[in-house]
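S.K.: Predicted model and sequence below, questions to follow.
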Protein chains: 2
Amino acid sequence: MTGGTDATIPARVTRVICVQLDPVVGAGAANREKCRAAVARAIADGGDVIVLPELATSGYVFTSAKEARSVAVGRDHEFFGGISSLLTGTDAVVILGFCEIDTRGRLWNSAAAVTARGVVSVYRKTHLWDRETLIFEPGTEPPPVIDTAHGSIGILICYDLEFAEMPRSLALRQADLIAVPTNWPLGEHPDDERAAEVIYAQAAARANGVFIACCDRSGVERGQQWTEGTVIIDQFGWVRATATLGGRAAREPGHGGDTAQADIFPHLARDKAISPHNDLLGDRRIDIYAKDLS
Amino acid sequence: MTGGTDATIPARVTRVICVQLDPVVGAGAANREKCRAAVARAIADGGDVIVLPELATSGYVFTSAKEARSVAVGRDHEFFGGISSLLTGTDAVVILGFCEIDTRGRLWNSAAAVTARGVVSVYRKTHLWDRETLIFEPGTEPPPVIDTAHGSIGILICYDLEFAEMPRSLALRQADLIAVPTNWPLGEHPDDERAAEVIYAQAAARANGVFIACCDRSGVERGQQWTEGTVIIDQFGWVRATATLGGRAAREPGHGGDTAQADIFPHLARDKAISPHNDLLGDRRIDIYAKDLS
């Protein structure tokens, strides 16, 4: 397997915008409006791939499943139609996390991909973090890879990215860019180090030769501080953009969130050659580790 | 699967010493003596787990297989007996890279684990980098995990570590510490970033809750500069020790190489719980990615 650009993909720049907004837990309608406003601004700013945080419509620190249920929406909720209508006449893609309730009343920590055509994909988080396990069902389907005008976009949610198997599986399914709605609780790390979650993202991007856009959230929620670690990483693992640390959104309610923005060429992810004799994906030795990993 | 310390392992400190020495390509006897002297010094410094670079006995930038063959040694070479005799009366373990020739005359980029009992394991690199593919056979066996007085030690060599499948497979086989002889060619990276190889190691350590000790080399060889990125990383992915960047060994021939040293408790790697509801290895969703990865 040798890399190489695919002539069917135009060498057209893609503007990635992550909006590190600050939902308020339990305030469903207000959060949906905040998401809508954030997408409208990102479209006005020329965004092609727009990423919002995990559970952007609901907030995160639920006290109970009942509370989560009170702000959960189905994938056919008019909110998504509203987002889609903002994209009319564009080939933009929005990936945003939402608290999903299905027709059987089950709750999922989900991310929707929305275009001018409507909701084109919903992914349900498969690796649940901590108390999420008390509220949400774990997803049962692999993460999607969506064909778009901006290359193939894979979707993960937060803790999913800490399992190298996940970005690897997306790269093997030809994802060029992985969009990752996240809510990263602030953790300790040495002063001279990036947040651990960013290190995971850097390693995953480089190991697979893919772009990764992680959209974190800002604000403080029921005492939980967030990393505000929003980051756009190139296919070599280097940080191309971050949101301003310090949470302008937290200081200026209504601002709608700090953004990270980068112009990238997603199709560059199709070249997996890293030396005359090496290919990031082709060099895998499945024979060596299949037994241990299955 | 829930983590927890294993009462059979004494909570005893383990001193890890990596010696970033500077072999000279083709100078077999001199390199072997350099390795011997480095191990003797590390033992005098209280080293329990001592790691030397990849191909420490031979140098790296071979012009041909013939040149590699001229400095290759078998695993029964007296050199290893000499290393082993330095360890008499200790429970120390030495992991060092060497240019191996087997009884059929084939060349391998290998690493030996040596104790006072002799060579206890040889691993042959499975992911070959660039022109190594023209000289060495690719290893056909999974990397070993060795039971030692200092916990279970897994072995990888250089480029192997860039495949997250490798440290994952070692962690699943209960490695506490992964020793990685390396020769990292100096690559470009942003000023405010660590070398990419270190980022891989940090992500692998944290994702698997294992310690990782990478021993790079120093000096310049046939125009090839090395990263001199020797690093010891804890089970949370944070850098505990590095060798002095700048290559004291290169400036003071005969010094034998800069060292990185850290005192660790390898058995702490047996606790994989990272929240009341999460376990680093138990949280894997094999059902989700097995199909893509196999």
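M.R.: Thanks, I have it.
S.K.: With only the CA atoms kept, save the host helix or strand of residue A:207 in PDB.
M.R.: Secondary structure assigned from DSSP states H and E places residue A:207 in helix A:196-208. Listed next in PDB are the C-alpha coordinates belonging to helix A:196-208 (Å, rounded to 0.1, in the frame of the first residue of the first chain):
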ATOM      1  CA  ALA A 196      -2.600  14.800  27.900                       C
ATOM      2  CA  GLU A 197      -5.600  14.700  25.600                       C
ATOM      3  CA  VAL A 198      -3.700  16.900  23.100                       C
ATOM      4  CA  ILE A 199      -0.700  14.600  23.200                       C
ATOM      5  CA  TYR A 200      -3.100  11.700  22.400                       C
ATOM      6  CA  ALA A 201      -4.400  13.600  19.400                       C
ATOM      7  CA  GLN A 202      -0.900  14.500  18.200                       C
ATOM      8  CA  ALA A 203       0.200  10.900  18.300                       C
ATOM      9  CA  ALA A 204      -3.000   9.700  16.600                       C
ATOM     10  CA  ALA A 205      -2.700  12.300  13.800                       C
ATOM     11  CA  ARG A 206       0.900  11.500  13.100                       C
ATOM     12  CA  ALA A 207       0.600   7.700  13.400                       C
ATOM     13  CA  ASN A 208      -2.200   7.700  10.800                       C
END
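S.K.: tell me the angle it makes with helix B:196-208.
M.R.: On the basis of axes from the mean of the first three to the mean of the last three C-alpha atoms, to 10 degrees, helix A:196-208 is oriented at 120 degrees to helix B:196-208.
S.K.: Packing partners of helix A:196-208?
M.R.: helix A:165-172, strand A:177-181, strand A:211-215, strand A:231-233, helix B:196-208 (3 or more C-beta pairs under 8 Å, 6 or more residues apart in numbering or on different chains; DSSP states H and E). Yep, even glycine has a C-beta here, placed from its N, CA and C like the rest.
S.K.: Tell me which of the ones you listed sits nearest to residue B:262.
M.R.: Nearest to residue B:262 among the helices and strands packed on helix A:196-208 is helix B:196-208; the distance by C-beta to C-beta comes to 12.4 Å.
S.K.: relative to helix A:165-172, how tilted is the helix holding residue A:207?
M.R.: 30 degrees.
S.K.: Could you work out which of the helices and strands packed on helix A:196-208 reaches nearest to residue A:125?
M.R.: Of all these, strand A:177-181 comes closest under C-beta to C-beta, at 9.2 Å.
S.K.: quick one: is that closest one near chain B?
M.R.: No: with C-beta under 8 Å from any C-beta of the partner chain as the criterion, chain B is not reached by strand A:177-181; the gap is at least 13.8 Å.
S.K.: Any idea which helix or strand in chain A has the lowest mean pLDDT?
M.R.: Lowest mean confidence among the helices and strands of chain A (mean pLDDT, DSSP states H and E): helix A:248-251, at a mean of 45.
S.K.: neighbours of residue A:45, just the number please.
M.R.: Counted with other C-beta atoms under 10 Å in any protein chain shown, the neighbours of residue A:45 add up to 13.
S.K.: Please name the nearest non-neighbouring residue to it.
M.R.: Excluding its sequence neighbours, the residue lying closest to residue A:45 (C-beta to C-beta, 6 or more residues apart in numbering or on different chains) is residue A:17, at 6.2 Å.
S.K.: In three-state terms, label the one you found for me.
M.R.: strand (DSSP: H, G, I helix; E, B strand; the rest coil).
S.K.: isn't it right next to residue A:261, touching?
M.R.: Yes: between residue A:17 and residue A:261 there is a contact at 4.9 Å, judged by C-beta atoms under 8 Å.
S.K.: Near chain B, which residues of the stretch 151-294 of chain A? Just list them.
M.R.: Counting by C-beta under 8 Å from any C-beta, the stretch 151-294 of chain A sits next to chain B at A:159, A:162-166, A:168-169, A:172-173, A:189-190, A:193, A:196, A:199-200, A:202-204, A:206-207, A:236-239, A:275-278, A:283-286, A:288-294.
S.K.: Need the buried ones from those residues selected in PyMOL.
M.R.: Of those, the buried ones go into a single PyMOL selection, burial set by 16 or more other C-beta atoms under 10 Å in any protein chain shown:
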select buried, chain A and resi 159+162+163+164+165+166+168+169+172+189+196+199+200+202+203+204+206+207+236+237+238+239+278+283+284+285+288+289+290+292+293
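S.K.: What segments of the stretch 1-150 of chain A are strands?
M.R.: Secondary structure of the stretch 1-150 of chain A by DSSP state E, counting those that start in this stretch: the strands cover A:14-20, A:49-51, A:93-101, A:107-115, A:118-124, A:145-148.
S.K.: can you list the weak-confidence ranges in the stretch 1-150 of chain A?
M.R.: Counting by pLDDT under 70, the stretch 1-150 of chain A has low-confidence residues at A:1-11.
S.K.: Which positions in it make contact with chain B?
M.R.: So far as C-beta under 8 Å from any C-beta goes, the stretch 1-150 of chain A lies against chain B at A:126-134, A:138-139, A:141-143.
S.K.: now with 7 Å?
M.R.: A:126-127, A:129-131, A:133, A:142 (C-beta under 7 Å from any C-beta of the partner chain).
S.K.: And stretch A:102-120, end to end?
M.R.: Using C-alpha to C-alpha, to the nearest Å, the end-to-end distance of stretch A:102-120 comes to 17 Å.
S.K.: any idea of the angle the next helix or strand after the least confident helix or strand of chain A forms with strand A:211-215?
M.R.: Later in the chain than helix A:248-251, the nearest helix or strand by DSSP H and E is strand A:258-264. For strand A:258-264 against strand A:211-215, the angle by the same axes, to 10 degrees is 170 degrees.
S.K.: pLDDT (mean, whole number) over the helix or strand just after strand A:258-264?
M.R.: Proceeding N to C from strand A:258-264, the next assigned helix or strand is strand A:273-275, under DSSP H and E. Mean per-residue pLDDT for strand A:273-275: 97.
S.K.: now for strand A:273-275, which elements pack on it?
M.R.: With contacts defined as 3 or more C-beta pairs under 7 Å, 6 or more residues apart in numbering or on different chains; DSSP states H and E, strand A:273-275 has no helix or strand neighbours.
S.K.: next one: it to chain centre, how far?
M.R.: 27 Å (C-alpha atoms, centre = their mean, to the nearest Å).
S.K.: Check stretch A:173-189 too.
M.R.: 6 Å.
S.K.: how far away is residue A:124 from chain B?
M.R.: 11 Å (C-beta to the nearest C-beta, to the nearest Å).
S.K.: Now for that residue, how many residues are close by?
M.R.: 20.
S.K.: Same check on the one 4 residues further on?
M.R.: Residue A:128: 24 surrounding residues under other C-beta under 10 Å.
S.K.: so what's residue A:190 closest to, chain neighbours aside?
M.R.: Nearest to residue A:190 is residue B:238, by C-beta to C-beta, 6+ apart, at 5.7 Å.
S.K.: quick one: that neighbour and residue A:193 touch, right?
M.R.: Yes: between residue B:238 and residue A:193 a contact is recorded at 6.5 Å, counting by C-beta atoms under 7 Å.
S.K.: Run through who's touching stretch A:52-61.
M.R.: A:19-21, A:23-26, A:28, A:31-32, A:35, A:38, A:68, A:71-73, A:79, A:96-99, A:109, A:157-158, A:181-183, A:215-217, A:221-222, A:224 (C-beta atoms under 7 Å, 6 or more residues apart in numbering or on different chains).
S.K.: quick check, distance from that stretch to the centre of its chain.
M.R.: Put simply, stretch A:52-61 sits 12 Å off its chain's centre (C-alpha atoms, centre = their mean).
S.K.: Could you export it as PDB, CA atoms only?
M.R.: The C-alpha atoms that make up stretch A:52-61 are tabulated as PDB, following Å, rounded to 0.1, in the frame of the first residue of the first chain:
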ATOM      1  CA  LEU A  52     -18.800  22.100  18.200                       C
ATOM      2  CA  PRO A  53     -18.200  20.400  21.600                       C
ATOM      3  CA  GLU A  54     -19.500  17.200  23.000                       C
ATOM      4  CA  LEU A  55     -23.000  17.500  24.500                       C
ATOM      5  CA  ALA A  56     -23.100  21.100  23.200                       C
ATOM      6  CA  THR A  57     -26.900  21.100  23.300                       C
ATOM      7  CA  SER A  58     -27.300  20.000  26.900                       C
ATOM      8  CA  GLY A  59     -24.200  20.600  29.100                       C
ATOM      9  CA  TYR A  60     -22.300  17.700  30.700                       C
ATOM     10  CA  VAL A  61     -22.400  17.400  34.400                       C
END
